[in-house]
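Peer 1: sequence and predicted structure are below.
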Amino acid sequence: MNTVLSARDLKKIYHRGSEAVHAVDGISLEAAPGEMTAIIGPSGSGKTTLLNILGCLDNPSEGALSVGGDEIFGGKKELSEKKLTGIRRRNFGYIFQKFYLIPTLTVLENIMLPSVFYRNCDICKTPQEVLKQLGIENRAGHLPSELSGGEMQRVAIARALINAPRILLADEPTGNLDSKRADEIKDILRALAAGGITVIMVTHNLDLAKAADRIIEIRDGKIV
Amino acid sequence: MNIYSVAYKNLLRKKTRTALTAAGIALSAWVLATLLGFNRGYETGLNRDIDNMGFQVLLTAKGCPYEAATLMLKGGTGLRYMEEAVVRTVTSNPEVEGVTRMLMQGVFDPNKGENGAIAAYLGVDALTYPKMKGYLEFKQGAWFTDNNAYEAVMGYEAAELEQREIGDKLLIPGLNAELKVVGILKRSGTQDDGTIFLPISAVQKIFSKQGKLTGLGIKVKKGADMTAFENKLYDLPDVQVVSMAQVKSTIMNLVTSAKVIVFAIAFIAVIIAMAGVINTILMSVMERYGEIGILKSMGAMPLDIFKMIWAETAILCSLGGLAGIALSLATAKAAEAAVRHFLPFTPNGEMIAINTGIAAGAFGGIVIGGLLSGIYPAWRAARVRPLEAIRSEGD
C-alpha cells in the first residue's frame, strides 16, 4: 500500500503522581493518499492525543512515526522544535473545533496567514484558488464576525489548505456547527479526500464518521 | 500582507487598551522632548544673554563675583563702588580696545506693582556704551548724546511697564529728579529689555555718587591674551575682575547639576512608559495564547512569533512617540510660560527649544525603550508550545 503516513506501536504515557496513564497504548496505523479516516471513541479515550502525535504537535513516549517516508519519531535523535515546525509546515493542515480566525483580519488575510510564515513555498496555492474551492470567494473582504459558523469553518479549512498539505488533520471539525452546516463540511472534506488529500479526523459525529473510508474506534488508548 | 501588517491589525483588537497605552507612551515622549528642549533652550538663552553683554571683562569693586554676575544679569543695585580713576589705569593696557563706565542705582518706588518695588537705573556712558551694545535697536528715538543730560532711554519691557513714550517725563521717586524719555529700545531678548538707561554723569549727580562707578565693562582686542590681561587686572587694588568666560562657566556648572535632575525625570518617564508597554503586550500575548499556538501549528517559527509581537511593540511605541513629539511641539509655548512663572531666573528668548535632533532623540529613546520592554512578552510568545496552547484553549 502506498502510504503517506505510517505509525507503529505509538504510546503516550502521562504520569499522574505515581500512576502511569496510557493515553495512547500501542496504536499502529497507516494512511494512504486520498484516504479519509475517522477516529471515534468516548471522551478521554485518547483520540485527540493520537491526532496530535500524528500531526507532530506532540511527541510519543514510544513508537515510530513517518510522514512521506521521512522518519519523524522513533529514530535515534529527537527532532528539534524548528525541524518539527518545518515538517508541519510542509505536510499538514489543521482544523479545530474552534476556528481560531483572527478577528481583525479579513477572510482573505486569514487565509493568507500561513504564507506570511512560509514565504518560499513553490507548491502553495493562491488564496483565490482555495477561496473558490471552498465556495467563499464572495466573502473574501469580510471580517470573521460577519460570517456564519459554517463559513468560518470553511475559512479555517481554506487556511489549512493554502500550504497545499498532504495530510489534513481535523479535531471535531463540526463540533460547533448545526447539522446542515456539518453536512456541508462533511461534503468538503470528502471532496478534498477525493482530490488526493489524506484526511484524518477525530469526531463524535457519527454521520461524519460514516462518510470516511475507514473508522477507527479507540477505547483506553487502544484500537478496538 | 506581512508580519508588520498582521501586527498592526492585532493592535486594533482592543482599541481602548491600545489607545491608553499609546497615550501613556505619548505622555512620556512629551515629558522627554519638553525636558530636553528646556535643557537646550535654557543653556542657549543663558549663553546668548552672557555673550550679548558687549564686553568680555567686567570690573567691579571688591565683592562676591556671583553678586556681580547677578548685577549684570538681573540689574540689581550696585554693591560697592570703585573710584573712576581706575578707567585711566585700565585703558593704559595695550589689550584694551575700549571701556564703558556704569553706575547702577536703585530706589524704592511705592507705586510700582502692588506693594512697591525697587526701580533700577543704569548710568551708562553716552559715547562708549551704545558702541559696545551694537545689537540694540530703537523702537522710537535715539541714545542721549550728553552725559550730563537729564534724559532716559528705556528698554522695551520697562517702557511697556511704565507706559512711557518718547517725550514723556520720568520721575525718580524721592529724589525730585525729572528726566525726559528720549528713546525706547526694541525688544532685544536680553536683560536690557527691562533696564532704564540714564547718562552716567547725570546719575552720579542725582544720586550724589560723583567719581564713583559700580562697573567698568572692558572690550578686549581680538587676539589678545585674555589670561595674561586678566592677571594684570587682578593686580589692581580693591577691584574684582569678572570674566564673562568665568561667569558662563560657573553658571553652566550649575546648569549641569540641574541637567542631572532633568535627565533623571526623563528617565523615570521612559521607565513608566516601558512598564505600561510590558503590561499591555504581555496581557495581549496571554489572551492570544491559543491563537499563537495555532500560528505555530501552521508553520510559524519561534522567531516569526517573536518578530510579530516585537513589531506590535514597535508600532505602539512609534505611534505613541510621534504623538508625544507632536504634543511637545504644540505645547512648547504654554510649557515655557509655566516654567517662566515658576523659575526665579529665566534667560530671554525661546526657552523650550525643541529642534529636529531633540525630537529625533526623544522619539528614538521612546522606541528603543519600548523595544527593550517588548523583548520579554515576545520571548514568552515565541516559547509557546502549540499543543499546550491549543489544550489551554480547549480546557
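Peer 2: The structure has been received and is ready for your questions.

Peer 1: max-length helix in the chain?
Peer 2: Just going to use chain A. Ranked by number of residues, the top helix in chain A under DSSP state H is helix A:179-194.

Peer 1: other chain: chain B
Peer 2: helix B:244-287.

Peer 1: which elements pack onto it?
Peer 2: Here helix B:244-287 touches helix B:15-51, helix B:65-74, helix B:302-330, helix B:356-382, going by 3 or more CB pairs under 8 Å, 6 or more residues apart in numbering or on different chains; DSSP states H and E. The C-beta positions use only the backbone N, C-alpha and C, and glycine is treated the same way.

Peer 1: give me the buried positions along the longest helix of chain A.
Peer 2: A:181-186, A:188-190, A:192-193 (16 or more other CB atoms under 10 Å in any protein chain shown).

Peer 1: packing partners for that helix?
Peer 2: By 3+ CB pairs under 8 Å, 6+ apart, helix A:179-194 packs against strand A:36-40, helix A:149-161, strand A:167-171, strand A:198-202, helix A:206-210.

Peer 1: can you name the residue of the stretch 101-250 of chain B nearest to chain A?
Peer 2: Of the residues in the stretch 101-250 of chain B, the one nearest chain A is residue B:189, at a distance of 52.4 Å by CB to the nearest CB.

Peer 1: one step back: just send the buried residues of helix A:179-194 back as JSON lines, with pLDDT too.
Peer 2: Shown next, in JSON lines, are these (pLDDT from 0 to 100):
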{"residue": "A:181", "pLDDT": "83"}
{"residue": "A:182", "pLDDT": "85"}
{"residue": "A:183", "pLDDT": "86"}
{"residue": "A:184", "pLDDT": "85"}
{"residue": "A:185", "pLDDT": "85"}
{"residue": "A:186", "pLDDT": "88"}
{"residue": "A:188", "pLDDT": "87"}
{"residue": "A:189", "pLDDT": "88"}
{"residue": "A:190", "pLDDT": "90"}
{"residue": "A:192", "pLDDT": "87"}
{"residue": "A:193", "pLDDT": "90"}
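
Peer 1: residue A:216 touches residue A:45, doesn't it?
Peer 2: No: when contacts are counted by CB atoms under 8 Å, residue A:216 is not listed as touching residue A:45 (10.9 Å).

Peer 1: residue B:143 - that's part of a helix, no?
Peer 2: No: the assignment for residue B:143, made by DSSP: H, G, I helix; E, B strand; the rest coil, is coil rather than a helix.

Peer 1: coming back round to it: could the buried residues of helix A:179-194 be laid out in JSON lines, adding distance to residue A:126?
Peer 2: Written out in JSON lines, the entries for the buried residues of helix A:179-194 read as follows (distance: CB to CB, whole Å):
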{"residue": "A:181", "distance to residue A:126": "26"}
{"residue": "A:182", "distance to residue A:126": "28"}
{"residue": "A:183", "distance to residue A:126": "28"}
{"residue": "A:184", "distance to residue A:126": "23"}
{"residue": "A:185", "distance to residue A:126": "23"}
{"residue": "A:186", "distance to residue A:126": "26"}
{"residue": "A:188", "distance to residue A:126": "18"}
{"residue": "A:189", "distance to residue A:126": "21"}
{"residue": "A:190", "distance to residue A:126": "23"}
{"residue": "A:192", "distance to residue A:126": "17"}
{"residue": "A:193", "distance to residue A:126": "22"}
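
Peer 1: what is the nearest of these to residue A:6?
Peer 2: residue A:193 (18.1 Å; CB to CB).

Peer 1: contact partners for that closest one?
Peer 2: For residue A:193, the contacting residues are A:34-36, A:199, A:213, by CB atoms under 8 Å, 6 or more residues apart in numbering or on different chains.
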